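Asks: fold the following, please.
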Amino acid sequence: MIVQELVYWNDVVESGLVFGIGNLLYYLLHIVGYSFLQLLASVLFSLLLLCFGYVLYYRLKSQLTHVPFHDPLADRLKNNEFIVTPEHLQDLVRLLVALINQTLRIFQRLYYFADLISPLKVLHYHITG
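Replies: Reported below is the predicted structural model:
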């Protein structure tokens with residue numbers, strides 16, 4: 001349902017952001033030549049700098065107004081626990097195993113020539129790509 005809402009542009013701002021970020025990622029990965037790991041490191045570093053600027057702004061504001069400093073991120077992150085429960089990890093492992101099995105079934109169909117079209121598509125892709 002979420003994908004259908006995005007494709008039909010029910011919420012214009014959300015759909016625009018998702019497709020804009022997707023196009024930016026496509027551009028950076030395929031045309032500029034960045035790897036996924038480089039993009040992830042850049043995003044995490046940008047988030048770190050953003051949090052640093054946020055806390056620095058509140059520290060300077062408290063120094064200039066002579067109000068005791070109160071950490072702005074402490075209230076937002078106080079009740080959030082960043083832990084991985086065994087149940088959540090088991091669900092993720094089950095999902096990963098299901099995806100690996102599905103991929104192996106696809107390769108099995110390709111290499112056993114269950115249908116003639118799919119291996120020819122792969123062969124054509126590798127020859128022309």
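Asks: where does the most centrally placed residue in the chain fall, secondary structure wise?
Replies: Taking CA atoms, centre = their mean, the centroid of the chain lies closest to Leu40, which sits 8.4 Å from it. Per DSSP states H and E: Leu40 is located in helix 36-65.
Asks: run through who's touching the least confident helix or strand in the chain by mean pLDDT.
Replies: Taking mean pLDDT, DSSP states H and E as the measure, helix 72-77 is the helix or strand of the chain with the lowest mean score, a mean of 74. The contact list for helix 72-77, computed with CB atoms under 8 Å, 6 or more residues apart in numbering, reads Cys51, Tyr54, Val55, Tyr58. C-betas here are computed from N, CA, C, even on glycine.
Asks: tally of neighbours for Tyr58?
Replies: Counted with other CB atoms under 10 Å, the neighbours of Tyr58 add up to 16.
Asks: I meant to write Phe82 there.
Replies: Phe82: 5 surrounding residues under other CB under 10 Å.
Asks: helix, strand or coil for it?
Replies: Assigned with DSSP: H, G, I helix; E, B strand; the rest coil, Phe82 falls in the coil class.
Asks: ramachandran angles for it?
Replies: Phi and psi for Phe82, reported as degrees, to the nearest 10, are phi -100, psi 80.
Asks: before we move on, what about Ile83?
Replies: Note on Ile83: its backbone torsions stand at phi -130, psi 160 [degrees, to the nearest 10].
Asks: need the contacts of helix 72-77 in TSV (columns: pLDDT and distance to Asp71).
Replies: What follows is the contacts of helix 72-77, written out as TSV (pLDDT from 0 to 100; distance: CB to CB, whole Å):
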residue	pLDDT	distance to Asp71
Cys51	85	11
Tyr54	86	10
Val55	84	7
Tyr58	86	8
